[in-house]
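K.L.:
just to be clear, the model below is a prediction. Sequence and coordinates:
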Amino acid sequence: MSSKHDPYDLLHSSARKEHLVDQDEHMFTACYLSRALWLLLFREGDDAIDMEDERNRMAVSELASIVAFHASAAVTVMRVEDEAARHARS
């Protein structure tokens, strides 16, 4: 029997599925944000980010976390859709 906080139950709950956006939306978001992160990190000269500044490090870290979130969400959506398709075939 699953507990109230079972991650599997949360992943497959109807309330959560209603708020999932499609896989492409997460993939495009991750792609564009990772490109923005790359552009920020590889600026040179006077335009370079001062990584000695704690605020800049935190901002870059937060942007990297958001990229990872959207990439992970795309995989989650893909798995939920694959499982739904498997159940529909059986």
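P.N.:
Received the coordinates, thanks.
K.L.:
with adjacent residues omitted, what lies nearest to the residue nearest the centre of the chain?
P.N.:
Centre of the chain computed as the mean C-alpha position; nearest residue by C-alpha atoms, centre = their mean is H70, 1.6 Å away. Among residues not flanking H70 along the chain, A30 sits closest, at 3.9 Å (C-beta to C-beta, 6 or more residues apart in numbering). Just so you know, the C-beta spots here come from the backbone N, C-alpha and C atoms, and that holds for glycine as well.
K.L.:
who's in contact with the helix or strand hosting that neighbour?
P.N.:
Of the helices and strands defined by DSSP states H and E, A30 is found in helix 23-41. Helix 23-41 is contacted from outside by 49, 60, 63-64, 66-67, 70-71, 73-74, 77-78, 81, using C-beta atoms under 8 Å, 6 or more residues apart in numbering.
K.L.:
how about it: buried residues?
P.N.:
Neighbour-count burial for helix 23-41 flags 23, 26-27, 29-30, 33-34 (criterion: 16 or more other C-beta atoms under 10 Å).
K.L.:
quick one: M51 from D22, how far?
P.N.:
Relative to D22, M51 is positioned 35 Å away (C-beta to C-beta, to the nearest Å).
K.L.:
do A88 as well
P.N.:
17 Å.
K.L.:
who's in contact with the closest residue to H26 other than its chain neighbours?
P.N.:
Leaving aside its sequence neighbours, H26 sits nearest to A74 (C-beta to C-beta, 6+ apart; 3.7 Å). Residues near A74 by C-beta under 8 Å, 6+ apart: 23, 26-27, 30.
K.L.:
element containing A74?
P.N.:
Using DSSP H and E, A74 falls in helix 54-89.
K.L.:
next one: V21
P.N.:
Per DSSP H and E, there is no helix or strand for V21.
K.L.:
I'm done for today, thanks for sticking with me.
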